[in-house]
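1. sequence plus predicted model, see below.
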Amino acid sequence: MSNLIFPPYLREGDRIIILSPSGKIDKSFLRGADKRLKSWGLEVVIAKHAGNAHGTYAGSIQQRLEDLQEAMDDEKAKAILCSRGGYGAVHLVGKSDFTRFKEHPKWLIGFSDITALHNEFQQNNFATLHAPMARHLTVEPEDDFCTLALKDILFGDAFTGKEPFSYICPAHKLNHKGKREGVLRGGNLSVFYGLRGTPYDIPAEGTILFIEDIGERPHAVERMMYNLKLGGVLGKLSGLVIGQFTEYEENKSLGKDLYGALADLLKEYDYPVCFNFPVGHVTMNVPLINGAKVTLEVNQKEVKLSFNTKKQ
């Protein structure tokens, strides 16, 4: 997994498939994403079962797997947009055939529960795109920063300048200063925590890990982070990017707020650590390439995450 394959960047007229591998979705968001992606000059195909409902899922396991496999096998498609997260992607992990995908690789796009599929695709040696999904493409304006960043990355326009494509955010009082290079990997903490000890675990060595989550109580987050600490994962990282933890009650049950508790847990490590990075279940959820070589620079005034990537 040290040199992942980057799928080809998109061009006008290319096909993108929207599917729902996890939770069921309001069909208005499928229509909204369809409209936005068509405005980029793409051919949009909505998978057969994308709008289905099977309990809380977007179809049965077999229906969701069928949509995913057909999208992976589509020789004309250049990208797969997962419509939403929720829960259910883990049902599909390990069941896909990558034979035809390897001949015609394409970008997998999504976040949250889609972290499970990101891990599987990376285990099969392909970079993926942790990025906003159908609701964001529907409700946010055309000039939304994250929407434009997603478009620029998909089309390769982000990597044509003389300087590396970068995100810059303000410094946080808990940050660890430093500068390191590594491979960017990560996503939803509780989802990839659920894959620990499996072939779809995230490799720690040389990784700049990014994490985010929603609805997890502070002590549950701390417990998962202690698992990474005691399992030796945190000690092998090249850097750590702590994103947004949302929709939980900050009751200081740990004796301090969540970020403070995580800062205590991370004190012994000398690599750069960034708190409050704009990634997660928030509007400012910047697209990140899982598998990209990056440089994380944390200093007194700001944090800079640069992608050491050129347009192919």
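-> Great, that's in hand.
2. shaky segments in the protein?
-> 1-2, 311-312 (pLDDT under 70).
3. in it, which residue is closest to the centre?
-> Nearest residue to the geometric centre of the chain (C-alpha atoms, centre = their mean): H130, 2.4 Å.
4. quick check: that residue vs S28, distance?
-> 24 Å (C-beta to C-beta, to the nearest Å). In this view, the C-beta of every residue, glycine as well, is placed from N, C-alpha and C.
5. what of S306?
-> 37 Å.
6. next one: V93
-> Separation of V93 from S28 (C-beta to C-beta): 29 Å.
7. the helix or strand encompassing I80: partners in the sheet, and parallel or antiparallel?
-> Assessed by DSSP states H and E, I80 sits inside strand 77-82. With DSSP bridges as the test, strand 77-82 is paired with strand 15-19 (parallel), strand 107-110 (parallel).
8. and the strand or helix carrying K179, what does it pack against?
-> In this assignment (DSSP H and E), K179 forms part of strand 178-188. On a contact count with 3 or more C-beta pairs under 8 Å, 6 or more residues apart in numbering; DSSP states H and E, strand 178-188 meets helix 115-123, strand 207-214, strand 239-246, strand 288-290, strand 293-298.
9. what's the shortest one packed up against?
-> Translated: strand 288-290. Against strand 288-290 (3+ C-beta pairs under 8 Å, 6+ apart) you get strand 128-130, strand 178-188.
10. the residue located most distally from the centre of the chain - nearest residue in space that isn't next to it in sequence?
-> The C-alpha centroid of the chain is most remote from G255, which lies 30.6 Å away (C-alpha atoms, centre = their mean). In this structure, G255 finds its nearest non-sequential neighbour in A261, 7.5 Å apart by C-beta to C-beta, 6 or more residues apart in numbering.
11. quick check, that neighbour in a strand?
-> No. Secondary structure of A261 (DSSP: H, G, I helix; E, B strand; the rest coil): helix, not part of a strand.
12. which of V93 and S28 has more neighbours?
-> V93 (18 against 12; other C-beta atoms under 10 Å).
13. so how far is A171 from the more buried one?
-> Taking C-beta to C-beta, one finds V93 at 37 Å from A171.
14. same check, this time on D201
-> D201 sits 31 Å away from A171, going by C-beta to C-beta.
15. cool, V90 as well?
-> 36 Å.
16. name the SS class of L234, please.
-> Per three-state DSSP, L234 ends up helix.
17. test my guess that it contacts M224.
-> No. Using C-beta atoms under 8 Å, L234 makes no contact with M224, being 11.3 Å away.
18. find the residues that touch each one of those two.
-> Residues touching both L234 and M224 (C-beta atoms under 8 Å, 6 or more residues apart in numbering): none.
19. so what's S306 up against?
-> S306 neighbours (C-beta under 8 Å, 6+ apart): 164-166, 294-295, 297.
20. can you add distance to H118 and neighbour count and give these back as TSV?
-> Below are the contacts of S306 laid out as TSV (distance: C-beta to C-beta, whole Å; neighbours: other C-beta atoms under 10 Å):
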residue	distance to H118	neighbour count
P164	22	16
F165	20	22
S166	22	14
V294	16	29
T295	21	20
E297	24	20
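21. quick check, nearest of those residues to R180?
-> The shortest gap between R180 and any of the contacts of S306 belongs to T295, at 7.3 Å (C-beta to C-beta).
22. distance of that closest one relative to H130?
-> With C-beta to C-beta as the criterion, T295 and H130 are 18 Å apart.
23. and I25, by the same measure?
-> Distance of I25 to H130, given as C-beta to C-beta: 19 Å.
24. check which helix or strand the nearest residue to F275 once chain neighbours are set aside maps to.
-> Of all residues not flanking F275 in the chain, H172 sits nearest, at 4.1 Å (C-beta to C-beta, 6+ apart). Following DSSP H and E, one finds H172 outside all helices and strands.
25. go through the strands paired with strand 77-82 and name the closest to V44.
-> Per C-beta to C-beta, nearest to V44 of these: strand 15-19, 5.8 Å.
26. contacts for the closest one?
-> When contacts are defined by C-beta under 8 Å, 6+ apart, strand 15-19 is touched by residues 10, 30, 33-34, 37, 42-47, 49-50, 64, 67-68, 71, 74, 76-83, 134.
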